[in-house]
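K.L.:
Take a look and give me a structure for this.
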Amino acid sequence: MPLVDVTLTEGRDPAQVRALIHALHAAVHDTVGARPEHIRVIVREVPRTHWATGDVTVAEMHTTATKEQK
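P.N.:
You can find the predicted model right below:
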């Protein structure tokens, strides 16, 4: 029973998340031949303030990038 577990930052609309689930499900089915009813996909959304790279949160990166564009 394949399990695909994806973690993303929050902010995508439900249609985007649904499209991702569909594409992942299809990829698993096509590549490993698992029965569709046995494929599990979990999408976890994390607040941008709770995800950091190099001690800078995604929210801080976005704020900095926005200021630099002005």
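
K.L.:
going forward, measure contacts between C-alpha atoms and count neighbours the same way
P.N.:
Will do.

K.L.:
Give me the buried stretch members for the lowest-mean-pLDDT helix or strand in the chain, please.
P.N.:
Every helix and strand of the chain was ranked by mean pLDDT, DSSP states H and E. The lowest is helix 58-69, at a mean of 85. For helix 58-69, the neighbour count (16 or more other CA atoms under 10 Å) marks 58-59 as buried.

K.L.:
can you list the residues that contact that helix?
P.N.:
By CA atoms under 8 Å, 6 or more residues apart in numbering, the residues outside helix 58-69 that reach it are 48-52.

K.L.:
Please repeat the previous calculation with a cut-off of 7 Å.
P.N.:
48-49, 51-52 (CA atoms under 7 Å, 6 or more residues apart in numbering).

K.L.:
low-confidence ranges in the chain?
P.N.:
Regions of the chain meeting the criterion pLDDT under 70 cover residues 70.

K.L.:
Ile39 contacts Ile21, correct?
P.N.:
No - judged on CA atoms under 7 Å, Ile39 makes no contact with Ile21 at a distance of 10.6 Å.

K.L.:
so where's the longest helix in the chain?
P.N.:
Assignment by DSSP state H gives helix 14-32 as the longest helix of the chain.

K.L.:
follow-up on the earlier one: out of the contacts of helix 58-69, which one sits closest to Ala34?
P.N.:
Nearest to Ala34, judged by CA to CA, of those is Trp51 at 32.4 Å.

K.L.:
OK, contacts around Val6?
P.N.:
Residues counted as contacts of Val6 (CA under 7 Å, 6+ apart) are 42-44.

K.L.:
6 Å instead?
P.N.:
Shown in contact with Val6 (CA atoms under 6 Å, 6 or more residues apart in numbering): Val43.
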